[in-house]
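# Sequence first, then the predicted structure:
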Amino acid sequence: MSATLQAIRGPVLNPLPAAGVGWLPDGVLVGDDRGRIVAVGAWDEVAARLNLAAAGVPRSAGLILPPLLDAHIHIPQHPIRGRFADDVGADPPGGRLLASLERNVFPAEGRCEGPAHARHVVAAFATDTLANGVVGGAAYMTVHARATRIALEQLADTWSVGLVLMNGRCPDYLRTDEPALAADVAALARDHGRRLIVTDRFAVSVDTPLRTLGVALAKRHGLRMQTHLDEQRAEKTLIEDVLYPDAGSYTGVYARDGLLDCEPILAHCIHVRTEEIDMIAATGSAIAHCPVSNTLLGSGVMPLDAIRAAGIPHALCTDVGASPTTSLFCEMAQFLKVHAGRSVAATPEEAVRLVTTAPARILGLDDRLGTFAPGMEYSFIEVAHDSATTPPTARAAILSLLRMTEAELDAWRRADDPQTLAVRTLRDSGLDWGLGLQALDADVRATAVRLEHRVRRVTRQGRVVFTAPESSPR
């Protein structure tokens, strides 16, 4: 092999940009000295074409696939991941989401005002996400411009970070410094460009004047926006019946105030009505689909088929800290479970695409990441799988990654066991804390433990940036 080339041989899962997942049981990925892919394909064909010697090409430590991307995650909530809803009670006024924000989330975010604490949180976040094969995405920071700058400086350039807007129904220490906002956004945009996302927390905590200011600043500096939408029924009722009764709908608030004109990433979109889906589809908006978070908070299940039929870009995202883990494999498993028997689109192959090619396109990284093709980054992850032999198909390989079997997946299509009945209730009306939600909560947390830290090694542009400790689970 030429000294200017580097390669790795092993089973390759290659999510394709248009549809499907390529599968090479004995594949090879070849990169050049610029950290770009020059070839990907079956070992015999590529080795003969490029004169590769088997002895000179290392074998992978697991399945090879593109690095993962998470388009909706909260950096300051990383220290409380999995404890988002602790001590909020079974049925708090206004729902578990709003109660969790007040009880656990806002205090965690307030602590990031201190630079030392913010640096520590961002560093731990960076380490943990990388250990789970996640190399970029779109993250929320806090209302603090200094903390947002710390995150932008410490994280790789594949991470976009949001300066959060809030001026209502939140503690005084987490209110946006409105007189300084224009200067703060200008300075961050000057130094970090479109990696800065103007972040409208959600319509409960941001009024129209602040939102329209955020929209104006995003347009002035060529930035996009992100927010939450239609996550829980109680939240939707508060917004539509109390806070914005003249807007027509929750989505109508964002349409009227201009947010939908700023290529937003809209998290959740569970309780969207048909007219709201139409509004989203008519813009450059994308949706962050978070099955783990939506399950643990009893919020519901996003209408996947309606979103797909409308042609709205969407990706699987963790929503840490409502999720206990930054592992997108856990998100993939829950995606398959909550949509089992309801959507033919919820396949293992599609789950892989929703954490690779789909978020890459949403984030504007699809010229670098998401799939293996000549000219793309020579970047990949190696993931342990449970098969004693190389799986025969892409579907079998993905299920092996997720430590699932066809029989287990089929069980989630039945309607005669407590977990499946709980998912049906979750889909239809959401779940308050009770036996059904407890069963789903236990299953999700067990899945998280099972699927965390499956990644053996992460390579970015030809350089190894993470190697799992020998003692970590395989």
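Received the coordinates, thanks.
# Tell me where the stretch 101-250 of the chain has helices.
Per DSSP state H, counting those that start in this stretch, the stretch 101-250 of the chain carries helices over the ranges 106-110, 115-131, 145-154, 178-192, 208-221, 233-237, 250-257.
# Let me know the average pLDDT across the third one.
Helix 145-154 comes out with an average pLDDT of 98.
# Same list (the helices of the stretch 101-250 of the chain) but as JSON lines, adding mean neighbour count and distance to Arg413.
For glycine as for every other residue, the C-beta is placed from the backbone atoms N, C-alpha and C. Listed next are the helices of the stretch 101-250 of the chain as JSON lines, based on neighbours: other C-beta atoms under 10 Å; distance: least, C-beta to C-beta, whole Å:
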{"stretch": "helix 106-110", "mean neighbour count": "20", "distance to Arg413": "38"}
{"stretch": "helix 115-131", "mean neighbour count": "18", "distance to Arg413": "32"}
{"stretch": "helix 145-154", "mean neighbour count": "21", "distance to Arg413": "41"}
{"stretch": "helix 178-192", "mean neighbour count": "15", "distance to Arg413": "45"}
{"stretch": "helix 208-221", "mean neighbour count": "18", "distance to Arg413": "42"}
{"stretch": "helix 233-237", "mean neighbour count": "18", "distance to Arg413": "26"}
{"stretch": "helix 250-257", "mean neighbour count": "23", "distance to Arg413": "31"}
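# contact partners of stretch 4-12?
Stretch 4-12 is touched from outside by 1, 22-33, 38, 40, 43, 50, 52, 54, 57-60, 62-65, 372, 378, 380, 382, 390-391, 397, 459, 462, with contacts defined as C-beta atoms under 8 Å, 6 or more residues apart in numbering.
# try 6 Å
24-25, 27-33, 43, 57-60, 63-64, 390, 462 (C-beta atoms under 6 Å, 6 or more residues apart in numbering).
# Tell me which residues of it come out buried.
Residues 5-12 are the ones in stretch 4-12 that count as buried (16 or more other C-beta atoms under 10 Å).
# So which of these are in strands?
Judged by DSSP state E, strands contain the following of the buried residues of stretch 4-12: 5-12.
# which two in the residues you listed are spaced the farthest apart?
Maximum pairwise distance in those, criterion C-beta to C-beta, is 20.6 Å, between Leu5 and Pro11.
# would TSV of the helices of the stretch 101-250 of the chain with distance to Pro79 be doable?
Below are the helices of the stretch 101-250 of the chain laid out as TSV (distance: least, C-beta to C-beta, whole Å):
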stretch	distance to Pro79
helix 106-110	6
helix 115-131	6
helix 145-154	14
helix 178-192	24
helix 208-221	27
helix 233-237	24
helix 250-257	30
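# what residue ranges in the stretch 301-450 of the chain score low on pLDDT?
387 (pLDDT under 70).
# how about the helices in it?
Using DSSP H, counting those that start in this stretch, the helices of the stretch 301-450 of the chain run over 304-309, 328-338, 348-353, 357-362, 394-401, 406-411, 418-429, 435-451.
# Can you tell me who the residue nearest to Gly162 when sequence neighbours are not counted pairs with across the strands?
Using C-beta to C-beta, 6 or more residues apart in numbering and skipping the chain neighbours, the partner closest in space to Gly162 is Thr199 (3.1 Å). For Thr199, the beta-bridge partners are Val164, Gln226 (DSSP bridges).
# re earlier: go through the helices of the stretch 101-250 of the chain and name the closest to Ala306.
Counting by C-beta to C-beta, Ala306 lies closest to helix 250-257 out of the helices of the stretch 101-250 of the chain; the figure is 13.4 Å.
# tell me the domain ranges of the chain?
5-66+373-401+454-467, 69-362 (automatic domain parsing).
# Need those in a markdown table (columns: distance to Asp432).
Shown next, in a markdown table, are those (distance: least, C-beta to C-beta, whole Å):
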| stretch | distance to Asp432 |
| --- | --- |
| domain 5-66+373-401+454-467 | 32 |
| domain 69-362 | 5 |
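# okay, those domains, which one's buried deepest?
Mean neighbour count (mean count of other C-beta atoms under 10 Å) peaks for domain 69-362 among the domains of the chain, with a mean of 21.
# Span of that domain from start to end?
Domain 69-362 has its terminal residues 10 Å apart, counting by C-alpha to C-alpha, to the nearest Å.
# Quick check: nearest residue in space to Ile265, chain neighbours excluded?
Nearest in space to Ile265, with sequence neighbours left out and distances taken as C-beta to C-beta, 6+ apart, is Gln226 at 4.3 Å.
# gap between the one you found and Ala42?
40 Å (C-beta to C-beta, to the nearest Å).
# Repeat that for Ala53.
Counting by C-beta to C-beta, the gap from Ala53 to Ala42 is 16 Å.
# Same check on Ile287?
Applying C-beta to C-beta, the value for Ile287 to Ala42 is 36 Å.
# likewise Glu382?
For Glu382, the distance to Ala42 equals 18 Å [C-beta to C-beta].
# And Leu5, by the same measure?
17 Å.
# excluding its backbone neighbours, what's nearest Gly300?
Distance criterion C-beta to C-beta, 6+ apart; nearest residue to Gly300, sequence neighbours excluded, is Ile270 at 4.2 Å.
# and the closest residue to Cys317 other than its chain neighbours, what is it in contact with?
Nearest residue to Cys317, sequence neighbours excluded (C-beta to C-beta, 6+ apart): His72, at 3.7 Å. Residues near His72 by C-beta under 6 Å, 6+ apart: 267, 288, 317, 319.
# is it fair to say His72 lies in a strand?
Yes: checked against DSSP: H, G, I helix; E, B strand; the rest coil, His72 lies within a strand.
# Torsion angles phi and psi at the residue nearest in space to the middle of the chain?
Nearest to the geometric centre of the chain sits Cys317, at 2.2 Å (C-alpha atoms, centre = their mean). Taking degrees, to the nearest 10, you get phi -140, psi 160 for the backbone angles of Cys317.
# Cross-check the contact I'm expecting between it and Cys290.
Yes: contact status for Cys317 versus Cys290: in contact at 5.2 Å, counting by C-beta atoms under 6 Å.
# Return the residues in contact with Val455.
For Val455, the contacting residues are 133, 381, 383, by C-beta under 6 Å, 6+ apart.
# rerun at 8 Å
131-133, 381-384, 466, 468.
# Okay, and the beta partners of it?
Val455 has these beta-bridge partners by DSSP bridges: Val383.
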